[in-house]
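*Asks:* Got a sequence here, can you model it:
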Amino acid sequence: MNARFMQFVGQAARRAASLLVFAALAGIVYWGHQTGWKAPRLADLWGGPPPAKEDWCQTHNVPLSRCIACRPELGGADPKDWCKEHGVPESKCTACHPEILTQGKAADWCREHGVPESQCTLCHPDIAVKGQPPASETDATVTSVAAGTPDSKAVTCQTHALRVQFASEAAVRKAGVRLDAVQERPMAACVQASAEVEYDQTRLARLSARAPGTVRYVFAQVGQKVAAGEVLALVDAAEVGRAKAEFLQVLAVADAKSKTLDRIRASSREGFRTQAELLEAEAALREARIRLLGAQQALANLGASIAIEEVANLPEDRMAERVRFLGLPDAAVKAIGSGAATANLIPVTAPLDGTVVACNVVAGEVADLNKTLFTVADISRMWVVLDVRQEDAARISAGQTVVFRPDSGAEAAITGKVAWISTEADDKTRTVKVRAEVENTDGRLKAHTFGAGRIVVRETPQAVAVPSDAIHWEGCCNVVFVRLGEGIFQTRKVRLGIRSGPVTEVLVGVIPGEVVATTGSHVLKSEILKSRLGAGCCD
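*Replies:* Numbers count the residues shown, from 1 in each chain. Predicted structure coming up:
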């Protein structure tokens with residue numbers, strides 16, 4: 001009896017212990033659900049003062065007291081007219097009201113400058129928010145304080161109404177976003193093109209003999225500087241000798257005919273000659289003079305010009321000597337010796353001051369009219385010929401500045417002016433030839449060398465410029481992100497001008513002194529694009 005009773009008591013005790021454990025577990029589960037599984041602080045257990053409310057917006061990951069998404073009035077927006085789902089004014093939300101995209105009002109669009117009126121820094125420079133960028137700059141949220149009311153895709157797009165907010169300046173730096181100030185600086189719009197240096201064709205002479213013959217003397221070599229009129233070579237041409245002999249012969253005939261006419265005129269006055277004889281003598285003199293003029297012109301064509309008055313009254317021996325050396329400078333006669341000079345010699349002379357850039361003849365070689373003996377060029381001025389793309393050719397005009405840099409890179413850039421633009425495109429390269437004239441007094445440029453040319457089509461001495469990294473294309477407009485305050489950036493639509501390497505001109509949208517996000521600003525772009533999902537403008 002006692003044994004059975006003790007066994008019953010033991011079983012009852014074990015069952016009671018199990019029930020207590022299950023009850024305790026149930027109580028813990030109930031308490032956890034009621035308290036969010038957070039252990040109470042000692043101050044709560046012992047009746048201390050209640051804790052201060054945490055200043056943090058869990059939804060947007062920024063301080064709640066500065067969250068312009070939850071409290072739009074902080075950014076100047078109307079809390080009653082606010083779309084909490086998309087972070088823009090309800091009356092301007094294209095996601096909730098897609099009719100705005102086709103029936104939007106144009107009240108907030110500057111038609112003169114092509115940006116929202118509320119962001120036109122040319123019409124309203126007071127909207128600029130100037131500041132100083134920090135020495136260097138993850139979570140973010142996008143909101144809006146205003147919206148345009150345009151009437152086309154670019155005009156109705158509400159991107160300019162968006163703002164990006166970071167938790168703090170530290171969060172901006174952690175995201176890798178750097179800031180820089182909008183500056184004023186000189187800028188130039190340029191057209192790039194490959195280029196080649198050539199001799200100035202108006203100052204380039206290719207010289208041949210005036211008559212076929214044999215080259216007797218050569219006085220110039222490649223690279224030699226020569227002056228205009230300087231003799232480069234002497235050619236022994238039989239045609240020259242015949243022309244000189246013809247001149248002397250006709251000169252003598254004309255002199256004889258002149259004297260004959262004088263005698264006939266005197267006799268005619270005395271009645272010893274008829275009128276017919278007088279007319280015949282006058283005709284013969286005119287014929288002789290015509291032949292003399294032809295002989296004189298033949299010598300001039302060979303480069304041996306002479307005036308009849310120079311030799312008409314000379315004795316016969318002196319006349320022959322004068323015509324023998326006709327066309328030869330005294331220096332050339334002295335160089336070869338008067339005894340060795342024949343009447344067949346004709347000089348090849350330099351027509352301009354320059355440099356002999358080619359010499360294709362040696363003494364004793366046969367020369368004809370089709371063979372170039374020397375090439376003389378004035379290298380103090382050269383041509384730079386650029387191959388400009390067809391789409392850029394319309395921007396080129398005469399007088400624009402050209403900057404040329406040879407491929408060697410050793411020489412400094414050389415500048416000139418556009419002198420000629422071709423009226424046709426190359427049938428193979430489809431480029432348009434543009435020629436510039438450049439000074440080369442120091443001889444640095446070499447003909448037929450290549451380089452890079454740059455034609456300045458527009459210069460702006462005081463352009464508003466931002467780093468190129470700050471500019472983003474968001475689908476229909478170019479935008480930059482302007483810092484409004486601590487961790488807050490405004491999306492600003494801009495119109496672009498000249499782009500020069502790391503900086504880009506902004507025609508309208510920002511003014512000097514404002515601070516924009518540059519390197520790493522793609523983080524802000526991703527935020528505004530994320531905010532537009534479903535808004536109808538992320539096509």
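*Asks:* Surely R322 is in a helix?
*Replies:* Yes. Judged by DSSP: H, G, I helix; E, B strand; the rest coil, R322 forms part of a helix.
*Asks:* Need the nearest residue in space to it, chain neighbours excluded.
*Replies:* V311 (5.4 Å; Cβ to Cβ, 6 or more residues apart in numbering). For glycine as for every other residue, the C-beta is placed from the backbone atoms N, C-alpha and C.
*Asks:* for the stretch 401-539 of the chain, what are the low-confidence residue spans?
*Replies:* In the predicted model, the stretch 401-539 of the chain carries pLDDT under 70 at residues 409-411, 531-539.
*Asks:* show me where it has strands.
*Replies:* 401-406, 414-425, 431-439, 450-467, 472-473, 478-485, 488-500, 503-508, 515-517 (DSSP state E, counting those that start in this stretch).
*Asks:* possible to save these as a markdown table with distance to A17?
*Replies:* Below are those laid out as a markdown table (distance: least, Cβ to Cβ, whole Å):
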| stretch | distance to A17 |
| --- | --- |
| strand 401-406 | 95 |
| strand 414-425 | 101 |
| strand 431-439 | 98 |
| strand 450-467 | 75 |
| strand 472-473 | 70 |
| strand 478-485 | 64 |
| strand 488-500 | 62 |
| strand 503-508 | 80 |
| strand 515-517 | 67 |
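*Asks:* Quick one: neighbours of the residue nearest to R322, just the number.
*Replies:* Using other Cβ atoms under 10 Å, V311 has 18 neighbouring residues.
*Asks:* Also G294?
*Replies:* 12.
*Asks:* Wait, the residue nearest to R322 touches D255, no?
*Replies:* No. Under the criterion of Cβ atoms under 8 Å, V311 makes no contact with D255, lying 10.6 Å away.
*Asks:* Show me the domain layout of this protein.
*Replies:* As assigned by automatic domain parsing, the chain contains the domains 2-45, 64-185+461-531, 190-202+377-459, 238-343.
*Asks:* Mean neighbour count, those: which tops it?
*Replies:* domain 64-185+461-531 (a mean of 19; mean count of other Cβ atoms under 10 Å).
*Asks:* Quick check: bridge partners of A463?
*Replies:* A463 has these beta-bridge partners by DSSP bridges: R185.
*Asks:* Show me the strands in the stretch 151-300 of the chain, by range?
*Replies:* Going by DSSP E, counting those that start in this stretch, the stretch 151-300 of the chain shows strands at 162-166, 179-181, 183-199, 204-207, 213-218, 225-226, 231-236.
*Asks:* Off-centre distance for stretch 423-436?
*Replies:* Relative to the chain's own centre, stretch 423-436 is displaced by 17 Å; criterion: Cα atoms, centre = their mean, to the nearest Å.
*Asks:* With respect to the domains of the chain, which exhibits the lowest mean confidence?
*Replies:* Among these, domain 2-45 carries the lowest mean pLDDT, a mean of 68.
*Asks:* what's the closest of the strands of the stretch 401-539 of the chain to V323?
*Replies:* strand 431-439 (43.7 Å; Cβ to Cβ).
*Asks:* Mind listing residues that contact that closest one?
*Replies:* Contact with strand 431-439 is made by 193, 200, 380-390, 393, 396, 402, 404, 414-422, 424-426, 445, 453, 455, as judged by Cβ atoms under 8 Å, 6 or more residues apart in numbering.
*Asks:* Check stretch 272-290 too.
*Replies:* 250, 253-254, 256-258, 260-261, 264-265, 267-268.
*Asks:* Check the gap between the residue nearest to R322 and A181 for me.
*Replies:* 85 Å (Cβ to Cβ, to the nearest Å).
*Asks:* Same question for K225.
*Replies:* K225 is 55 Å from A181, by Cβ to Cβ.
*Asks:* swap in R291?
*Replies:* 88 Å.
*Asks:* what do you get for S380?
*Replies:* Counting by Cβ to Cβ - S380 and A181 are separated by 46 Å.
*Asks:* and what of G223?
*Replies:* 56 Å.
*Asks:* got it, and Q11?
*Replies:* 86 Å.
*Asks:* Over to I306?
*Replies:* From I306 to A181 the distance is 79 Å (Cβ to Cβ).
*Asks:* What residues does the residue nearest to R322 make contact with?
*Replies:* Contacts of V311 (Cβ under 8 Å, 6+ apart): 251, 319, 322-323.
*Asks:* Just send those back as TSV, with distance to V432 too.
*Replies:* TSV is the format used below for those (distance: Cβ to Cβ, whole Å):
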residue	distance to V432
L251	58
M319	60
R322	56
V323	55
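*Asks:* ok, which stretches of the chain are helices?
*Replies:* 2-35, 42-45, 100-103, 153-156, 169-174, 238-270, 275-301, 308-311, 316-324, 330-336, 390-393, 522-531 (DSSP state H).
*Asks:* Those: which one's closest to R492?
*Replies:* Here helix 522-531 is closest among the helices of the chain (Cβ to Cβ), at 11.3 Å.
*Asks:* Okay, angle between that closest one and strand 162-166 too, please.
*Replies:* 120 degrees (axes from the mean of the first three to the mean of the last three Cα atoms, to 10 degrees).
*Asks:* Now do helix 522-531: which elements does it pack against?
*Replies:* With contacts taken as 3 or more Cβ pairs under 8 Å, 6 or more residues apart in numbering; DSSP states H and E, helix 522-531 sits against strand 140-144, strand 162-166, strand 478-485, strand 488-500.
*Asks:* C-alpha coordinates for it, PDB please?
*Replies:* Only the C-alpha atoms of helix 522-531 are listed here, as PDB (Å, rounded to 0.1, in the frame of the first residue of the first chain):
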ATOM      1  CA  HIS A 522      26.700  58.400 -60.800                       C
ATOM      2  CA  VAL A 523      25.500  57.300 -57.300                       C
ATOM      3  CA  LEU A 524      23.000  60.200 -57.400                       C
ATOM      4  CA  LYS A 525      22.000  59.500 -60.900                       C
ATOM      5  CA  SER A 526      21.200  55.900 -60.000                       C
ATOM      6  CA  GLU A 527      19.000  57.200 -57.200                       C
ATOM      7  CA  ILE A 528      16.900  59.500 -59.400                       C
ATOM      8  CA  LEU A 529      16.500  56.800 -62.000                       C
ATOM      9  CA  LYS A 530      15.400  54.400 -59.300                       C
ATOM     10  CA  SER A 531      12.900  56.900 -58.100                       C
END
